[in-house]
Structures are given as structure tokens and as C-alpha cells.
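Peer 1: Kindly return the folded structure for what I paste below:
(2 chains)
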Amino acid sequence: MKQLLFILTAGILFFSCGQNNTKKELPSDSIFHLTSQWQDQRNQSYPLNTLRGKTLVVVMIYTSCKTACPILVADMKRIERQIRPAYFDKVSLVLVSIDPETDTPERLAEFAKTGGMDAPQWVFLRSNEAATQEFANVLSMKYKKISPVDFSHSNIISVFNPDGELILQEEGTGINAEKVAGKVNETVRSS
Amino acid sequence: MSIKLFHIVVFFVVIWCASCNCQEAAPDIVSPAFNSPRLTSQAKMIKIPGGEYQPFYGTDTALVKVDPFLIDEKPVTNGEFLAFVKTYPQWQRSQVKRLYADTNYLRAWVADTILPKNIDADAPITQLSWYAAKAYATATGKRLPTLDEWELVAMADEKVPNARQKKSYSDRIVDLYLVKNRQYNAVKQSQPNYWGVYNFFDLVWEWTDDFNSVLVTGDSRSGEYSDNNLFCAGSATSATDVLNYAAFMRFSMRAGLKAHYTVGNLGFRCAKDVE
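Peer 2: Numbers count the residues shown, from 1 in each chain, chains lettered A, B, ... in the order given. Reported below is the predicted structural model:
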């Protein structure tokens, strides 16, 4: 009996490890190579590759913004409405703060709640300044702090496939939500 | 007995799986921000006292305060960068992640750790991305200069710390910018500026830490944003000195860059906080 259990155990161990090791290697241009740590609106800390496996719609904003950010947030909501609800567990709509000092997890949670973005597919992230700058560069996003409370920044919404490769970017306000959502649906369907 | 044993087995399987997942989650590359300093840079650094300066882009009245800082007296050279990639193989041409550098990264090199024969080891390193420049700076215990720091030093000519008002200031720099193949010359062969800093204009363009803070599109000479849709609060950053054509060239260059781009005449130098 003991021996049988031992063999069984060995088998399970072998199988469970083998499964992990055969996971596909990350593509060279994947954003999941970034090792920076992030905090979300639920006060969880993790590196970006925790989101691996999901199709990501990403935008950078800051919650005290009164000009273009509300439009970007509205764009994200329009995109969400056109994603098939059945896909929600395979999609993350990610809003990354360019003002990590002000945008604490509590503040992000409040922002999410007020904006009706508290479903699990919504992820609000903040990190430190260096990681934020690096991430902005990965999105080719320009930003500059122009006063203690305000930033100038480019308006870009990006879509990444489950391996973290950039597959679509839409720039400017009034982006084509249908096109972005279409890309998301197509990506989830084929992955 | 066997039930107890079974529980123990299950317990170990769970532990084992957890440890497997941990390994999997571990990063397979050191992010630029996380290089620990392992390389010594011989480059002499010059102390710049800082002060308030009028940035090229910004509102007319807003002076920007720059704290004292140290800056390399010359751009980082091919030889120095070679030593870096030998210590940090993840920055070698065949190893670098596409996320961090485009396909032209160190294109002229013969191999991962071999410079071309016709290239001067004392000439500035070029054809490298912002990530690579930042990784080098971090590895040597330094950082990239901010755009404000760089532009503050750039105000000097050989005689005075701020030569912006001289008519010849911008013209001379533009002339230097237009010299072909200037990036192949060795560093420190020309006159240093007022601070004792070499080669600010005559060899290569240089990466700055926050190059992506330049929000200009289209024809920047108007000093206005041509497309307010692209930027939030964009109009807060228009040009203050429209005759400084050299600065327009630099800022247009920066505005056109992405962090993974590599360019044949774009290099960098390092800076550091004053302790």
C-alpha cells in the first residue's frame, strides 16, 4: 500500500511539474518581461505577469484629471459594453495611474466604485515612479507633470494578447470603441 | 494508517505544486530598473550647481528649479558599453528582449561582444535603446540625466553658463548637428563648455531619462499643439524661445522617439545626484 502511494505520489509530482515546465515561453516583446510590482484597487500586490493569460485593454490616467481622462474612462466603458459578457473572465480592463502618489489603492477603489467599474474585469493599478515611467514607455505614451496636481499626457488605449504582445493601439480622444472591442472579442475567441 | 499517509501525500503534493508555481512566476530577465550596480565607471563627473532656468517648452513665467547634480564629462563610449554587455549578457545583441530594443540594436557590432574593427572604442556608443542606456546607468550606480538637467547644461557655450541670448549660440549648434558621420569621432577631442563638459552637441544626440515628456506633434515651430485631441492639457507646454532652432531640432528628435528605438547617432551620458 505504501509503495503504491509512493508511486502514485511520484506520478502526480512528475505530472504537475511537467505541466508547468511545458508552458510556452514568453514572446520577446511581451510586456510580461517587466518585473515591476503593482498594487491594485483591491490592495493586492503583484507583478504584471499575474495578468498573463488574459486579453488586456490598457490605458493610463490619473483620477484627479478633469480634461481628457474622463473621456478615456468613458471610452473604456464603451469598449467594455461591446465585449461579450461571456469573455469577461478572460479579459482585464486595466487603468494604470500616472500619478501613483495621489492614486492610492483606496482612492482607486473609490474611483472604480463611483464610476461603476467594480466588476472583477476592471483592474486599477499603481506602482512607484520608475515603474510608471517604464510602463508609459512600453505603451509609447508621453506624459509630463505640469503642476503639483496636473499632468499633460497622450491619450492611448492599447490591447495586449494573453502573452502580453501589443496587438492594437488607438490614439486620441473619441477612439473607435467598436474596433477595440472587436479586437478583444476576436483575440479571446482564438486563444 | 493509509488515510493518514494519504493526507501526508496530498499535503506534499500541494506544497510541491505551490513551489512549482513560484518558480514559474519568477522573472526570466532582470528588468532595467533592477540591475544592481556591479560595474565601475571611470568617467569623470562634473558638478553642476543647478539653479532656476527657463525651459524651452513651458509657460513663459514658469522657471524650473534644478537641484545640483553631477554629469559625465563625455558620452558613454563603445568600449565602456562593451564592458557593460560582457557583465550583463541580457543586454547583448542576441539576448536582448524585443520589448527593450528594436532589431537594429548594436547593429554594427561583429558579434555579441566584438566591436567592428573600423570603430573607435573611444567614440560614443550609439544604436541603443532608452532601456539599454538606463540599464547601463543603473549598473554603474548612476542614472540618466533628466531633460531639464541636460538642457540646463546645454545653455552654456565655452565662455558663459547661459549663452542663449547670443545670436551665434543656436547657429553654431545647428552647424554641428548638420555634420555627417560625426558620431564616429572619439570623445573629448573638441573644446569643453563653460562647465568643463565635452561633446554636448558635436558627436551624438543623447537620451534623457524623461525624453517622453515632450508632447509635440506636427510642425513644432509654431510653438503650439497642432492636435489637442492627442494630449490632455497639452497647451501648457508650448515653446518660449522660437529663435532657438537647435532646441527645436532636439525636441523634435525626442518627440519622435520611442523607448525601444535605436538610432545611429543617438547615444547617452550618465548623471548622478550630489551626495
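Peer 1: tally of neighbours for residue B:69?
Peer 2: Residues lying near residue B:69 (other Cβ atoms under 10 Å in any protein chain shown) number 22. C-beta here means a position set from N, CA and C on the backbone, and glycine is covered the same way.
Peer 1: pretty sure it is touching residue B:50, no?
Peer 2: Yes. With contacts counted by Cβ atoms under 8 Å, residue B:69 reaches residue B:50, the gap being 6.4 Å.
Peer 1: Going along the chain, name the strands of chain A.
Peer 2: Ranges of strands in chain A, per DSSP state E, are A:37-40, A:45-47, A:55-61, A:91-97, A:122-126, A:143-145, A:151-154, A:156-160, A:166-171.
Peer 1: can you tell which of those strands is closest to chain B?
Peer 2: Among the strands of chain A, strand A:143-145 comes nearest to chain B, with 3.8 Å by Cβ to the nearest Cβ.
Peer 1: okay, the strands of chain A in JSON lines with mean pLDDT and distance to chain B next?
Peer 2: JSON lines is the format used below for those (pLDDT from 0 to 100; distance: least, Cβ to the nearest Cβ, whole Å):
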{"stretch": "strand A:37-40", "mean pLDDT": "97", "distance to chain B": "10"}
{"stretch": "strand A:45-47", "mean pLDDT": "97", "distance to chain B": "7"}
{"stretch": "strand A:55-61", "mean pLDDT": "97", "distance to chain B": "9"}
{"stretch": "strand A:91-97", "mean pLDDT": "97", "distance to chain B": "14"}
{"stretch": "strand A:122-126", "mean pLDDT": "98", "distance to chain B": "16"}
{"stretch": "strand A:143-145", "mean pLDDT": "87", "distance to chain B": "4"}
{"stretch": "strand A:151-154", "mean pLDDT": "86", "distance to chain B": "5"}
{"stretch": "strand A:156-160", "mean pLDDT": "96", "distance to chain B": "9"}
{"stretch": "strand A:166-171", "mean pLDDT": "95", "distance to chain B": "6"}
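Peer 1: Can I get those strands in CSV including mean neighbour count and distance to residue A:26?
Peer 2: Formatted as CSV, these follow (neighbours: other Cβ atoms under 10 Å in any protein chain shown; distance: least, Cβ to Cβ, whole Å):
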stretch, mean neighbour count, distance to residue A:26
strand A:37-40, 19, 18
strand A:45-47, 14, 13
strand A:55-61, 24, 14
strand A:91-97, 23, 17
strand A:122-126, 24, 20
strand A:143-145, 20, 27
strand A:151-154, 24, 27
strand A:156-160, 23, 12
strand A:166-171, 16, 13
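Peer 1: So which of those is nearest residue B:54?
Peer 2: Distance to residue B:54, taken as Cβ to Cβ, is lowest for strand A:143-145 among the strands of chain A, at 16.1 Å.
Peer 1: Given the closest one, what are its sheet partners and their directions?
Peer 2: Sheet pairing of strand A:143-145 (DSSP bridges) gives strand A:151-154 (antiparallel).
Peer 1: Low-confidence regions, chain A specifically.
Peer 2: A:1-23 (pLDDT under 70).
Peer 1: What sits closest to residue B:269 if chain neighbours are left out?
Peer 2: Leaving aside its chain neighbours, residue B:269 sits nearest to residue B:72 (4.0 Å; criterion: Cβ to Cβ, 6 or more residues apart in numbering or on different chains).
Peer 1: who's the one you found bridged to?
Peer 2: In beta-bridge terms (that is, DSSP bridges), residue B:72 pairs with residue B:45.
Peer 1: count of residues packed around it?
Peer 2: 25.
Peer 1: now swap in residue B:184 and tell me
Peer 2: When neighbours are defined as other Cβ under 10 Å, residue B:184 has 15 of them.
Peer 1: what's the neighbour count on residue 86?
Peer 2: No chain was given, so I picked chain A. Residues contacting residue A:86 under the criterion other Cβ under 10 Å number 9.
Peer 1: please go with chain B instead
Peer 2: When neighbours are counted by other Cβ under 10 Å, residue B:86 registers 13.
Peer 1: do the one 4 residues further on as well
Peer 2: Using other Cβ under 10 Å, the number of residues around residue B:90 comes to 17.
Peer 1: ok, now which ones touch the residue nearest to residue B:269?
Peer 2: B:41, B:43-46, B:142, B:269-271 (Cβ atoms under 8 Å, 6 or more residues apart in numbering or on different chains).
Peer 1: What's the separation between it and residue B:251?
Peer 2: In this structure, residue B:72 and residue B:251 are 22 Å apart, going by Cβ to Cβ, to the nearest Å.
Peer 1: Next: residue A:42.
Peer 2: Where residue B:251 is concerned, residue A:42 sits at a distance of 41 Å (Cβ to Cβ).
Peer 1: now swap in residue A:190 and tell me
Peer 2: According to Cβ to Cβ, residue A:190 and residue B:251 sit 42 Å apart.
Peer 1: can you check residue A:34 too?
Peer 2: For residue A:34, the distance to residue B:251 equals 28 Å [Cβ to Cβ].
Peer 1: Kindly report the same for residue B:106.
Peer 2: In this view, residue B:106 and residue B:251 are 26 Å apart by Cβ to Cβ.
Peer 1: ok, those two, which is more surrounded?
Peer 2: With other Cβ under 10 Å as the criterion, residue B:106 and residue B:251 differ in neighbour count, and residue B:106 comes out ahead with 25 against 21.
Peer 1: Please name the nearest non-neighbouring residue to the more buried one.
Peer 2: Nearest to residue B:106 is residue B:93, by Cβ to Cβ, 6+ apart, at 4.6 Å.
Peer 1: can you pull out the helices in the chain?
Peer 2: Unless you meant another one, I'm taking chain A. A:2-21, A:69-81, A:105-114, A:129-138, A:177-190 (DSSP state H).
Peer 1: could you do chain B instead?
Peer 2: Under DSSP H, chain B gives helices at B:2-25, B:78-87, B:130-139, B:147-154, B:167-177, B:245-255.
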